[in-house]
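Engineer: give me the fold of what follows.
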Amino acid sequence: MNLLQWQTRIIALMSRFVAQVKGSAAMQRTDINKVSENILIPIFSEVYGYRNLRNLNYSESENHPSVDLGDDVARVSIQVTSTSTSLKIKETLKGFIEHELYRKYDRVIVYILTEKQKTYSANIFNDITQGKVVFDVDKDIFDYRDLLREIGNLQADATQRVLHILETHFGDDRTLDAPRSEIERSNTIVVRYAKGDKDFGLWLSLQLASQGYPVWCDLLNTEPGAYAPAMVEDLVRNEAGKYLFVLSGSSNDNSELLKELRLAYETAQSRKLVGLVIPVQVTDIPEDERTILLQGTSPIDFSRGWSTGLNDLLKYLEKSGLPKDEKFTPSKANDLWRMQFHADKGLIYEPEELLSNWFPIDLPVVLFFHELQRNGIGLLAIQEAVLPFPAIQHNIHLISFAKAEDFLGKLGKDIFIRSTVDIKLQDFLDGNYEQKLAKKDLAWNFVTELLNDAWDRFFSQTKLKKYALANNHLCYYFPIGFSDKGDNKAFFQGVAGKRTWRSLAGKHKGQFWHFGIQGRAMLYPEPAFLVKYHGLASGDGFSIWGSKEKLHTARRRWFKSWWNPEWRDRLVAAMAYLSGEKESFKISLGSDAVISVSSSPLVFRSPATYINPRDTVTEAETEIEADDEDLPDDEEFDETLDDTSEEVDL
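Structural biologist: Have a look, this model is predicted:
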């Protein structure tokens, strides 16, 4: 079945979806809306990229106010309804504002299960949202026609996944009331790889087995003297639920494996087995250099890290509905593991300390609710961004760790602080305060907002540059020449306890790489900043490239050989630089209120140690390579720059 046929089938299945919703609505059966919410989650994830979308009616409350689905990472919320009237949308937006959901989500989408009206008046909705949330009547009210337009732009593998979801619920003889699995064969996953990838193939097979999936791979299942290709052919033709092809430099031109791959695709097509073949890549091979069988596909990517790829694969298998087998357990996988691995690999039952990316913080003791008032008639509105210290306006109060005197003359014309209520921070977080000031379920959000604001303000006073990520969160990166000596080095205490360094920016033939960090406050299980790292690129050492596509390519190519130790060391080096190599640094919340941020991350202690040869690197190793066609080929980025900015080999 080709792409055009898949799209045609999707149109037919979406028509069934809409028809069933209309029929149920005519019979006043509202339960179909709840079923539809769960069907749409994986579809929206594939089509719009909302990978963390969840049903709020299950995860937070049985009847969540205003919106049904939410992606806390993308900060997008979705109302799913079969009612297309403006009144329904007004009710949604009113509830959204009333419950202050704009503090959690930046956008509201209304998905109409049937058909939306031809036009909607933007003015009536703008009066409700008051600029607190993004809502565009032309972009944020969807129905199945909008969804189909987006599906029409998907690549083949994503189109297959959407088709599989719809077939599961709306295929022949299926209804919303009686969904069943599309898989008519066994649920065995066949894992195939080249000889050079056997360590990865075995690891992946054991990981899948530990998650409950029946797995076949030649290292685990082939009896002595048996001919594995013949066994695989029989499995692919008659039994396999999924066929995983490990794409690498070794398998990409292996004639025997490619013959198997072709057989798997032919079997999938002739027997209408949507999603039978799952390509996974351990090496980032450009699409035009892949076997023609895999051009136009998007393999699940393990080249960025095995654990990341495994997480993506498990999510896909869960969405596809592949059944698990109770015989396959972590204990079963451990038994298989012991039979395959030598004593010098894997687990050693000795304690190991592991560095996290949680940097503990000491918080102020008291939080203030300043009651606002103005002289004369006018809007009581504060521009929070121009205030000298972090603060949030909530109704008639300004919430802050800063005292009233810190805002004297800073609130705007004719606005002043009438009175102040001080609350112990722990009481505020525990909900032990006068609830008329603010609902207790908002307390943690208020505190983390203040801490995040303080984090961003702190970086405006450093040499680091600001960059807005795709999700609009801010990342702060190190420009060329940021260090006192201009050598781009940051010093820190290494894992061996010795003072060492890492470069946080580098140069190569007129192009530059930059290490960046992004922090977000957390209060549980203990107060800390969760600090993520990013790799960025520029042409001048200061301004990050505007091309998202080129930047994405650079990230994947230049940083591909950085493993955990490299990222870990640079994160610790970055925090050491911010603290001046001291134990902590302070971020201002008021004239006499500060956060003390530890420059050392929280350490976790594991009762066992895992030995991985990939983790054995030196502390000043050069790791970045530029091998993209848009960049100089077969060259290395240098970790350091001397005083004349010439390239220096390490």
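Engineer: only C-alpha atoms for contact and neighbour calcs from this point on.
Structural biologist: OK.
Engineer: where does residue 284 land in three-state SS?
Structural biologist: Of the three states, residue 284 takes coil under DSSP: H, G, I helix; E, B strand; the rest coil.
Engineer: show me where the stretch 251-400 of the chain has helices.
Structural biologist: Per DSSP state H, counting those that start in this stretch, the stretch 251-400 of the chain carries helices over the ranges 255-270, 306-320, 330-340.
Engineer: using PDB, write out the CA atom coordinates for the longest helix anywhere in the chain.
Structural biologist: Looking across the chain with DSSP state H, the single longest helix is helix 3-26. Extracted in PDB, the C-alpha atoms of helix 3-26 (Å, rounded to 0.1, in the frame of the first residue of the first chain):
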ATOM      1  CA  LEU A   3       1.200   6.700   0.600                       C
ATOM      2  CA  LEU A   4      -1.700   7.800  -1.600                       C
ATOM      3  CA  GLN A   5      -3.600   4.600  -0.700                       C
ATOM      4  CA  TRP A   6      -2.900   5.200   3.000                       C
ATOM      5  CA  GLN A   7      -4.200   8.700   2.800                       C
ATOM      6  CA  THR A   8      -7.400   7.600   1.000                       C
ATOM      7  CA  ARG A   9      -8.000   5.000   3.700                       C
ATOM      8  CA  ILE A  10      -7.500   7.600   6.400                       C
ATOM      9  CA  ILE A  11     -10.100   9.800   4.800                       C
ATOM     10  CA  ALA A  12     -12.600   6.900   4.900                       C
ATOM     11  CA  LEU A  13     -11.900   6.100   8.500                       C
ATOM     12  CA  MET A  14     -12.100   9.700   9.600                       C
ATOM     13  CA  SER A  15     -15.500   9.900   7.900                       C
ATOM     14  CA  ARG A  16     -16.600   6.900  10.000                       C
ATOM     15  CA  PHE A  17     -15.300   8.600  13.100                       C
ATOM     16  CA  VAL A  18     -17.300  11.800  12.400                       C
ATOM     17  CA  ALA A  19     -20.400   9.800  11.400                       C
ATOM     18  CA  GLN A  20     -20.300   7.800  14.700                       C
ATOM     19  CA  VAL A  21     -20.000  11.000  16.700                       C
ATOM     20  CA  LYS A  22     -22.900  12.600  14.900                       C
ATOM     21  CA  GLY A  23     -25.100   9.500  15.400                       C
ATOM     22  CA  SER A  24     -24.300   9.300  19.100                       C
ATOM     23  CA  ALA A  25     -25.000  13.000  19.500                       C
ATOM     24  CA  ALA A  26     -28.400  12.600  17.800                       C
END
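Engineer: what's downstream of it, the next helix or strand?
Structural biologist: Moving toward the C-terminus from helix 3-26, the next helix or strand (DSSP states H and E) is helix 31-48.
Engineer: quick one: list the elements packing against that following helix.
Structural biologist: On a contact count with 3 or more C-alpha pairs under 8 Å, 6 or more residues apart in numbering; DSSP states H and E, helix 31-48 meets helix 3-26, strand 53-55, strand 76-81, helix 144-151, helix 156-170.
Engineer: can you give me the strands for the stretch 501-650 of the chain?
Structural biologist: 505-508, 511-522, 528-538, 584-590, 593-598, 603-606, 609-611, 625-626, 635-636 (DSSP state E, counting those that start in this stretch).
Engineer: what's the first-to-last distance across stretch 576-588?
Structural biologist: 18 Å (C-alpha to C-alpha, to the nearest Å).
Engineer: going forward, begin numbering at 3 instead of 1
Structural biologist: Yes, from this point I'll number from 3; that puts the last item at stretch 578-590.
Engineer: in it, what's buried?
Structural biologist: Residues of stretch 578-590 classed as buried: 578-581, 583, 586-590 (neighbour count, 16 or more other C-alpha atoms under 10 Å).
Engineer: got it, and stretch 298-305?
Structural biologist: With burial defined by 16+ other C-alpha under 10 Å, the residues of stretch 298-305 counted as buried are 300-305.
Engineer: reformat the strands of the stretch 503-652 of the chain as CSV; add mean pLDDT.
Structural biologist: Output for these, formatted as CSV (pLDDT from 0 to 100):
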stretch, mean pLDDT
strand 507-510, 86
strand 513-524, 95
strand 530-540, 95
strand 586-592, 97
strand 595-600, 96
strand 605-608, 86
strand 611-613, 62
strand 627-628, 33
strand 637-638, 32
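Engineer: quick check: beta-bridge partners of the residue nearest to residue 602 when sequence neighbours are not counted?
Structural biologist: Distances taken as C-alpha to C-alpha, 6 or more residues apart in numbering put residue 361 closest to residue 602, at 6.3 Å, once the chain neighbours are dropped. Listed beta-bridge partners, residue 361: residue 531 (assigned using DSSP bridges).
Engineer: helices or strands next to the one helix or strand residue 419 maps to in the packing?
Structural biologist: In the assignment (DSSP H and E), residue 419 maps to strand 417-426. Other elements packing on strand 417-426 under the criterion 3+ C-alpha pairs under 8 Å, 6+ apart are strand 368-376.
Engineer: the strand it packs on pairs with which strands?
Structural biologist: Strand 368-376 is paired, per DSSP bridges, with strand 399-402 (antiparallel), strand 417-426 (antiparallel).
Engineer: wait, isn't residue 466 in contact with residue 480?
Structural biologist: Yes - here residue 466 reaches residue 480: they are 5.1 Å apart, a contact under C-alpha atoms under 8 Å.
Engineer: when the two are compared, which one has more neighbours?
Structural biologist: Comparing residue 466 with residue 480 by neighbour count (other C-alpha atoms under 10 Å), the higher total belongs to residue 480, at 26 against 19.
Engineer: strands of the stretch 53-202 of the chain, residue ranges please.
Structural biologist: In the stretch 53-202 of the chain, the segments counted as strands under DSSP E, counting those that start in this stretch are 55-57, 71-73, 78-83, 109-114, 143-144, 191-194.
Engineer: tell me which of those strands approaches residue 409 most closely.
Structural biologist: Taking C-alpha to C-alpha, strand 109-114 is the member of those nearest to residue 409, at 31.2 Å.
Engineer: circling back: between the buried residues of stretch 578-590, which sits nearest residue 21?
Structural biologist: Among those, and counting by C-alpha to C-alpha, the member closest to residue 21 is residue 589, at 57.3 Å.
Engineer: buried ones in the strand holding residue 419?
Structural biologist: Quick answer for strand 417-426 (16+ other C-alpha under 10 Å): 417-419, 422, 425.
Engineer: count of residues packed around residue 574?
Structural biologist: 23.
Engineer: typo on my end, residue 93
Structural biologist: Neighbours of residue 93 under the rule other C-alpha under 10 Å: 13.
Engineer: repeat for residue 247
Structural biologist: 24.
Engineer: you'd agree it is up against residue 284?
Structural biologist: No - the criterion here is C-alpha under 8 Å, and residue 247 misses it with residue 284 at 10.5 Å.
Engineer: show me the shaky parts of the protein.
Structural biologist: 3, 29-33, 60-65, 174-187, 223-232, 337-351, 497-498, 510-511, 563, 611-652 (pLDDT under 70).
Engineer: let's have the buried residues of strand 417-426 in a markdown table, adding distance to residue 439.
Structural biologist: As requested, the buried residues of strand 417-426 are exported to a markdown table (distance: C-alpha to C-alpha, whole Å):
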| residue | distance to residue 439 |
| --- | --- |
| 417 | 19 |
| 418 | 18 |
| 419 | 15 |
| 422 | 11 |
| 425 | 11 |
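Engineer: from those residues, pick the one nearest residue 20.
Structural biologist: Using C-alpha to C-alpha, residue 425 comes nearest to residue 20 of the buried residues of strand 417-426, at 52.6 Å.
Engineer: do you know how far the closest one is from residue 302?
Structural biologist: For residue 425 relative to residue 302 (C-alpha to C-alpha), the value is 50 Å.
Engineer: hmm, residue 417 is touching residue 377, no?
Structural biologist: Yes - using C-alpha under 8 Å, residue 417 is in contact with residue 377, at 6.6 Å.
Engineer: quick check: residue 530 touching residue 359?
Structural biologist: No - if you go by C-alpha under 8 Å, residue 530 and residue 359 don't touch, sitting 9.4 Å apart.
Engineer: sounds good, over and out.
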